[in-house]
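Participant: Provide a 3D model corresponding to the input given below.
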Amino acid sequence: GSGTITYRWESAVSPFTAWSTIGGATLSSYDPPAGLTATTQYRRITISTLGSTSCESVATTPVQFTVNPLPTISGTLNVCIGSTRQLTGSGTPNGTTPWQSSNTGVATISNTGLVMGVSAGTTTITYTDNNGCSNTALFTVNALPTITGPSTVCVTQQITLTGSPSGGMWSSGTPSVATVNSSSGVVTGVSVGSSIITYTDLNGCQNTKTVNVITAPVITAPNSCISGGDVTFTQSGGAEGGTWTISGGGSIVAGTGVFTPSASGCWTTTYTPPTGCASTASFLVYPTAPAAPMVSIGCGAIIVTAP
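Facilitator: Numbers count the residues shown, from 1 in each chain. This is a model prediction of the structure:
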């Protein structure tokens, strides 16, 4: 009479010595399930049955389904706008486009894994190896901090700069020109020149501001008398276009320094350049011209009278 032929499929994982029967797999072909987590071998055994007698064939040569591990991405997953960061993928990279960025408006990435920060935000970085396996990582691009405050300071005087976001550190490129308190942002002018002040926020992102250190002007303040008419104050060392003011009797032309006295006494004039660094000087106003020459100037003047 005629017999029947059936099949039995078996599977084993490394080291491929313990074989297990796959339930329900009795056809001549078998499709392995999706989602394998380990490399697995499969073999088929043919069973011939005639009456009550069954015979099993020698198992076929195993067919191996290799499960490759997902690649890993290593490196710091953030960068500042305008800076770069190197990422590394495990294994051998794909030969065409191993690295990709989901949002090139935030960050671009080269085929070697070099990320360039473009704008603040996040993007998904994908790495693909030569087995076609991929892994992803969320990458953040941080905005640069901002610096606000004056850009000019006088020698020996101070200004305060403010960094945003707060909590960062300050440094001066040329401390011999200007120093800066590392935590408060207070800049002190040391000598004439310029220094680049750097603010580094908690993300490690930096921004800079150039601070110019200037000197205060020197005022020439001649003594005067009420009946002697106008006098003109002058300054040297300061920027032109500043403003003159006076304390005491009389009036002064703010733009020219021409002073018209109206009361005797010791008065003070101030010149404020457009760049800051105001300077003051004191002088004497007499009711009338003294009979003898003055031997000194300023509010401590001594009037010498003829014998």
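Participant: distance of Thr126 relative to Ser134?
Facilitator: 6 Å (Cβ to Cβ, to the nearest Å). Bear in mind the C-beta positions are built from the backbone N, C-alpha and C, glycine included.
Participant: those two: which has the busier surroundings?
Facilitator: Comparing Thr126 with Ser134 by neighbour count (other Cβ atoms under 10 Å), the higher total belongs to Thr126, at 18 against 15.
Participant: could you dump stretch 260-269 to PDB, C-alpha only?
Facilitator: Output in PDB follows, covering the C-alpha atoms of stretch 260-269 (Å, rounded to 0.1, in the frame of the first residue of the first chain):
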ATOM      1  CA  THR A 260      29.500 133.300  32.100                       C
ATOM      2  CA  PRO A 261      30.000 133.800  35.800                       C
ATOM      3  CA  SER A 262      27.400 135.500  38.000                       C
ATOM      4  CA  ALA A 263      28.600 134.900  41.500                       C
ATOM      5  CA  SER A 264      31.900 134.700  43.200                       C
ATOM      6  CA  GLY A 265      33.100 131.600  45.000                       C
ATOM      7  CA  CYS A 266      34.600 128.100  44.300                       C
ATOM      8  CA  TRP A 267      32.700 126.300  41.600                       C
ATOM      9  CA  THR A 268      33.100 123.000  39.700                       C
ATOM     10  CA  THR A 269      32.700 122.200  36.000                       C
END
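Participant: buried residues in that stretch?
Facilitator: Applying a neighbour-count criterion of 16 or more other Cβ atoms under 10 Å, one finds 261, 264, 267, 269 buried in stretch 260-269.
Participant: and if you look at stretch 216-229?
Facilitator: Buried residues in stretch 216-229, counted by 16+ other Cβ under 10 Å: 216-217, 219, 221, 223-226.
Participant: touching, Thr275 and Ala239? I think so.
Facilitator: Yes. The criterion here is Cβ atoms under 8 Å, and Thr275 meets it with Ala239 at 4.9 Å.
Participant: now do the shared contacts for the two.
Facilitator: Here Thr275 and Ala239 have Ile214 as joint contacts, going by Cβ atoms under 8 Å, 6 or more residues apart in numbering.
Participant: quick one, which of those two is more surrounded?
Facilitator: Thr275 (17 against 14).
Participant: A helix includes that one, no?
Facilitator: No. Under DSSP: H, G, I helix; E, B strand; the rest coil, Thr275 falls outside any helix and is assigned coil.
Participant: and the residue nearest to Phe16 when sequence neighbours are not counted, what does it touch?
Facilitator: Excluding its sequence neighbours, the residue lying closest to Phe16 (Cβ to Cβ, 6 or more residues apart in numbering) is Gln41, at 5.2 Å. Residues near Gln41 by Cβ under 8 Å, 6+ apart: 11-13, 16, 62-65.
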